[in-house]
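Engineer: Mind folding the following:
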Amino acid sequence: MISCSERNELIMDWSSVVNHPCKIMFTSWEKGVQWSGESDGVTEEYDRFANPGIPLAMISDDPDAYPWLESIPARLLPHLLEFEQLWPDLLFPAMWFLSRYPGSSELLMSSPLLVALLLQSAKAAGWDESTTAELLSAPKSQIVAACDAYINKADGQPVQQLTFKQSRSNEFKLLGKSQDRSADQQAGDLHYLDSILLRWRNFLPNYATSPNL
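Structural biologist: Reported below is the predicted structural model:
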């Protein structure tokens, strides 16, 4: 069902499952990850924020996908898999941008929560590609300020706009109430909480009154 073309496109053929010609294709990392679908001879290329519904974790365990997976930087792949566990609907947008703007990979590895906040804001606000790409490589305080500016217009709290699949703790509420803090302070909070989220999700409520925040 999974194969790689000569151009190192990942091809998932669902024809035998749905009883008519149906394929999903992903271009390689080097060319900029893009997904498209082919059904009954008609091919459609999807928006960068569209969710293909194919878990990277499933693909990563299939030997037939290894040539395509090897196009992804080895140090980045584990971070993408962790990102998918928390924000599955944002994985493909993250891969779309990171494969085209490699300088933004550092942000995913150091502050995945901030990447999720930025992509969610970009999708909701309709930011164009260049604006989103520039912010992914910008200082963290600038990213927080840009997201806050959009969320404030929408009359909401930035962190509360995100859907946390595996974790709903007091830390997110705490961050959501930090609008009176400067962008630099908020960016510092996000960096600190990212490392905690990845290691101590089950114990986060205990940090609600931490002097470190």
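Engineer: My read is that L69 contacts I59, right?
Structural biologist: Yes: with contacts defined as CB atoms under 8 Å, L69 counts as touching I59 at a distance of 7.0 Å. All C-beta spots, glycine's among them, are computed from the backbone N, C-alpha and C.
Engineer: What is the burial count for D40?
Structural biologist: Neighbours of D40 under the rule other CB atoms under 10 Å: 7.
Engineer: Read off the pLDDT value for the nearest residue to it once chain neighbours are set aside.
Structural biologist: Leaving aside its chain neighbours, D40 sits nearest to P21 (5.6 Å; criterion: CB to CB, 6 or more residues apart in numbering). pLDDT recorded at P21 is 83.
Engineer: now do the one 4 residues further on
Structural biologist: Model confidence at M25, expressed as pLDDT, equals 93.
Engineer: these two touch, right, it and W14?
Structural biologist: No: the pair M25 / W14 is not scored as a contact, 11.5 Å apart, by CB under 8 Å.
Engineer: Between these two, which has more neighbouring residues?
Structural biologist: Between M25 and W14, counting by other CB under 10 Å, M25 is the more crowded of the two (18 against 15).
Engineer: From C4, how far off is that one?
Structural biologist: Here the distance between M25 and C4 works out to 10 Å (CB to CB, to the nearest Å).
Engineer: shared neighbours, those two?
Structural biologist: 10-11 (CB atoms under 8 Å, 6 or more residues apart in numbering).
Engineer: Right, I'll leave it there.
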